[in-house]
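Participant: Quick one, fold the following:
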Amino acid sequence: MLDKQTGGPYAIEVRGLTKRFGQRVAIEDLSMYVRYGQIQGLAGANGGGKSTSLRVLSGLLAPDSGSAHVLGHALPSQGTRVRQLVGYLPQRNWLYSALSVRENLLFRAAVFDLKSPSRAAELQIDAFGLNAYASNAVATLSGGYTRLVELAAVLIHQPRVLLLDEPTTGLDPAARQVIWRRLASLAAQGTAIVLSTHDLAEAQYCSHLILLSEGRIKVQGAPHEIPNQLDAAAILVAGHQSAMVMESLPPWLVMAAYPHGNSLRLVIARKCVADIENRLGCLGCLTERTNLTLEDAALAVAHRGGGLG
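Facilitator: As a prediction, the model looks like this:
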């Protein structure tokens, strides 16, 4: 299939992908098309299928059905070639902890048979501001710096497709910005990026976002478009009885509830708004309707498919 915007092929094409582990469905009927230069986000609750999707696209896991092509190579039959071409970052640390930062990067460069391993390693050390730690053993680094080294290693062979599983886990805000600036720069140069995230604030940086629940796509689009696609609403609840709200409402009426300043924020099905406002009014609570956010949308999707038309 061709990218309608560029007239060329997509970097990633996935059609009807399904993967089960025994009786458990990890992903079901997953389809997506990722352009060069696009940052595709996968979001959703734990067990939603994000990590499994990335493992399939990296050629590490064979699907049960459906088709997938990465950089024009079919999976799983050409999985070895795909693993040579893409950059895949798993959630767990995979570096050699006894080796230094520089040694890990040199080893990674050697694995990909780069012509100048030293130059490739130094480029990544400079790009991620790791100069002060280049001679340090990875075991001595904080979790945040370890993650930066992992991403530097993933990029050592300049892959045109990046598959990143929770790339900013454990990082402080400054380190997160380093990574996102790097990802934005790579996307601007034409790299296709697929990443999973639990952080809905970070999901806003993606050009396209898929919300997954129990292995299925529930809603997708540009991050700012997603809340408008759900049959859900948000209301703020204030008043001296607001702490009693969850004890007073049937659990099936509420998709999510969490503190919001001095108020309680409720995410509910749109058809239930009037009913809940009446119930809360009888308790002496004040209610205010407000715009649904991306975080609200993710919580609605995680509510066993609640909030969907």
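
Participant: Next, the contact list for the residue most central in space within the chain, please.
Facilitator: Closest residue to the average C-alpha location of the chain: residue 196 at 1.9 Å, with Cα atoms, centre = their mean. Residues near residue 196 by Cβ atoms under 8 Å, 6 or more residues apart in numbering: 41-43, 50-51, 53-54, 164-166. Heads up, the C-betas are built off the backbone N, CA and C, glycines and all.

Participant: can you do 10 Å?
Facilitator: Residue 196 is in contact with 41-44, 48-51, 53-54, 89, 91, 163-167, 169, 203, 210, 212, counting by Cβ atoms under 10 Å, 6 or more residues apart in numbering.

Participant: Likewise for residue 70?
Facilitator: Here residue 70 is in contact with 10-14, 34, 56-59, 78-79, 81-83, 85-86, 160-161, 163, 192, 194 (Cβ under 10 Å, 6+ apart).

Participant: Residue 21 now?
Facilitator: Residue 21 neighbours (Cβ under 10 Å, 6+ apart): 52, 61, 64.

Participant: where does residue 289 land in three-state SS?
Facilitator: The three-state assignment at residue 289 reads strand, by DSSP: H, G, I helix; E, B strand; the rest coil.

Participant: Tell me how many other residues crowd the spatially closest residue to it that is not a sequence neighbour.
Facilitator: Excluding the flanking residues, the one nearest residue 289 by Cβ to Cβ, 6 or more residues apart in numbering is residue 235, at 5.4 Å. Neighbourhood size, residue 235 [other Cβ atoms under 10 Å]: 19.

Participant: mind showing which ranges of the stretch 151-300 of the chain have poor pLDDT?
Facilitator: Flagging of the stretch 151-300 of the chain using pLDDT under 70 yields the residue ranges 240-243.

Participant: for it, what spans make up the helices?
Facilitator: Secondary structure of the stretch 151-300 of the chain (DSSP state H, counting those that start in this stretch): helices at 173-188, 200-203, 245-248, 273-282, 294-302.

Participant: Which other helices and strands does the last one contact?
Facilitator: It refers to helix 294-302. Using 3 or more Cβ pairs under 10 Å, 6 or more residues apart in numbering; DSSP states H and E, the elements in contact with helix 294-302 are strand 39-44, helix 200-203, strand 208-213, strand 216-221, strand 232-238, strand 254-260, strand 263-269.

Participant: Would you map the helices across the stretch 1-150 of the chain?
Facilitator: 50-57, 79-85, 101-111, 117-127, 143-154.

Participant: Could you list the domains of this protein?
Facilitator: 1-86+159-170+185-227, 96-158, 231-291 (automatic domain parsing).

Participant: how about these, which one is nearest residue 178?
Facilitator: Closest to residue 178 of those is domain 96-158 (Cβ to Cβ; 6.5 Å).

Participant: Can you give me the end-to-end span of the closest one?
Facilitator: Distance between the boundary residues of domain 96-158 (Cα to Cα, to the nearest Å) amounts to 21 Å.
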